[in-house]
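Undergrad: I'd like to go over a predicted model; first the sequence, then the structure.
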Amino acid sequence: MVMVVENVENAQSADVEHDNEATAKTPSNRFLKRHVLPSDNHGFIGHIYDLSIVVYHFDNYEALSKHPDCKYAFDTNEYVSLLVRRVESLNLVGNMLWPDPFPTAISLPISLYEWLTASADVFLTRYVSVVDCALQLVNAVYEAGLAPVDCKMKKLKRAGVSASVLDHLGRMLDEQARLRTERNARIHEGKERCFTSDDQAFRIAARFNGIKGIDRYGRRINVNRSFREGLVGLQKEFNNSTRVLVRQLDALYDELGHEFEARFGPRFVAAKHGLNASAPRQ
């Protein structure tokens, strides 16, 4: 189908019809180098994974739970694994933002504009939920006994979580505040982000494959160019946010490692199950 979109759908209606001073932005469409998140390479995670193999010595959770050290290690592993999987899922978002081979309008069951929208949705929900999973891990390590829905800062504080861990969690929440706000606006208010300097032209042209015309700045509509511009914008945000996130998680794991050992060590030493062939890590 060939259509001329000189003012896309009468070009963008009255709000831009007389915007003669508008000038086109020139965002980069050159792909960035991808940041791949390490999800489980911290020593604390490896230690919990090693301890969790104790489950294979018992027929069921009830039998395992009779031994305080085994139960604590197993329960902690559940939430370590939950957080690791959620961090790893951000790399799936990376696959969407660095597609190989590069998709075209005819190679996808959705439009290129919708691909960006879906990618943004997945990134925002997965990224924001990492801290929620971290709160649940803190709850498990400190044995606060809170239900997942109650793992909030105030309740963790009342349950005895250290000030240093709470301060660190607070900084993580502050870092993601803008993206959390956008996530909430998208989910609860139906708002969408802009990917290009003229999203309406991009959205319509992507929907109707083969459309021709000009955007509000007088540029020829080019769906692939707009798609690349949108991808690069998301790539930049992905790289910046996930690099910070990994550093923050490593610092949190350092803190939790000390607390875990302080609780696990005495139980391990006192255990009577005969499985403690080596001393706990100091």
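TA: That came in fine, so what should we check first?
Undergrad: where exactly do the strands run in this structure?
TA: 4-6, 212-214 (DSSP state E).
Undergrad: and those, which one is worst for confidence?
TA: Lowest mean pLDDT of the strands of the chain: strand 4-6, a mean of 42.
Undergrad: What does the pLDDT read for the residue nearest the centre of the chain?
TA: Nearest to the geometric centre of the chain sits Y127, at 2.0 Å (CA atoms, centre = their mean). We have a pLDDT of 95 for Y127.
Undergrad: what does the one 3 residues further on give?
TA: We have a pLDDT of 96 for V130.
Undergrad: Same question for R30.
TA: Looking at R30, the pLDDT reads 78.
Undergrad: residues touching it, list them.
TA: V232 (CB atoms under 8 Å, 6 or more residues apart in numbering). (Each C-beta comes from the backbone N, C-alpha and C, glycine too.)
Undergrad: Quick check on it: phi, psi?
TA: R30 adopts backbone torsions of phi -90, psi 120, taken as degrees, to the nearest 10.
Undergrad: And it, how close does it get to E229?
TA: To E229, R30 is 10 Å away according to CB to CB, to the nearest Å.
Undergrad: next one: L135
TA: Taking CB to CB, one finds L135 at 36 Å from E229.
Undergrad: any idea where the helices of the stretch 101-250 of the chain begin and end?
TA: 112-141, 153-158, 163-175, 177-189, 199-207, 223-270 (DSSP state H, counting those that start in this stretch).
Undergrad: okay if I get those as a markdown table plus distance to N95?
TA: Below are the helices of the stretch 101-250 of the chain laid out as a markdown table (distance: least, CB to CB, whole Å):
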| stretch | distance to N95 |
| --- | --- |
| helix 112-141 | 10 |
| helix 153-158 | 33 |
| helix 163-175 | 24 |
| helix 177-189 | 19 |
| helix 199-207 | 20 |
| helix 223-270 | 11 |
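Undergrad: Those helices: which one's closest to N77?
TA: helix 112-141 (9.0 Å; CB to CB).
Undergrad: Show me which residues of the closest one are buried.
TA: Going by neighbour count (16 or more other CB atoms under 10 Å), the buried part of helix 112-141 is 112-113, 115-117, 119-124, 126-128, 130-131, 133-141.
Undergrad: And stretch 212-232, end to end?
TA: Across stretch 212-232, the terminal residues are separated by 24 Å (CA to CA, to the nearest Å).
Undergrad: Okay, now the unreliable bits of the stretch 101-250 of the chain?
TA: Residue ranges of the stretch 101-250 of the chain with pLDDT under 70: 105-106, 210.
Undergrad: Kindly recompute the last result at 90.
TA: Residues of the stretch 101-250 of the chain meeting the criterion pLDDT under 90: 101-110, 178-180, 183-202, 204-225.
Undergrad: For D69, see how far away the nearest residue to L245 once chain neighbours are set aside is.
TA: Of all residues beyond its chain neighbours, the one nearest L245 is V130 (6.3 Å), with distances taken as CB to CB, 6 or more residues apart in numbering. Between V130 and D69 the computed distance is 28 Å (CB to CB).
Undergrad: My understanding was that R220 contacts I214; is that so?
TA: Yes. Between R220 and I214 there is a contact at 6.0 Å, judged by CB atoms under 8 Å.
Undergrad: got the contact list for the closest residue to S89 other than its chain neighbours?
TA: Leaving aside its chain neighbours, S89 sits nearest to R126 (5.2 Å; criterion: CB to CB, 6+ apart). Applying CB under 8 Å, 6+ apart to R126 gives the contacts 86, 89-90, 93.
Undergrad: Turn those into CSV, including pLDDT.
TA: Output for the contacts of R126, formatted as CSV (pLDDT from 0 to 100):
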residue, pLDDT
R86, 96
S89, 96
L90, 96
V93, 95
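Undergrad: Quick one: buried ones out of those?
TA: The buried subset of the contacts of R126 (16+ other CB under 10 Å) comprises 86, 89-90, 93.
Undergrad: In helices, which of these appear?
TA: Secondary structure assignment by DSSP state H places 86, 89-90, 93 of these in helices.
Undergrad: Let me have these in JSON lines, adding distance to K157 as columns.
TA: Formatted as JSON lines, these follow (distance: CB to CB, whole Å):
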{"residue": "R86", "distance to K157": "23"}
{"residue": "S89", "distance to K157": "29"}
{"residue": "L90", "distance to K157": "28"}
{"residue": "V93", "distance to K157": "32"}
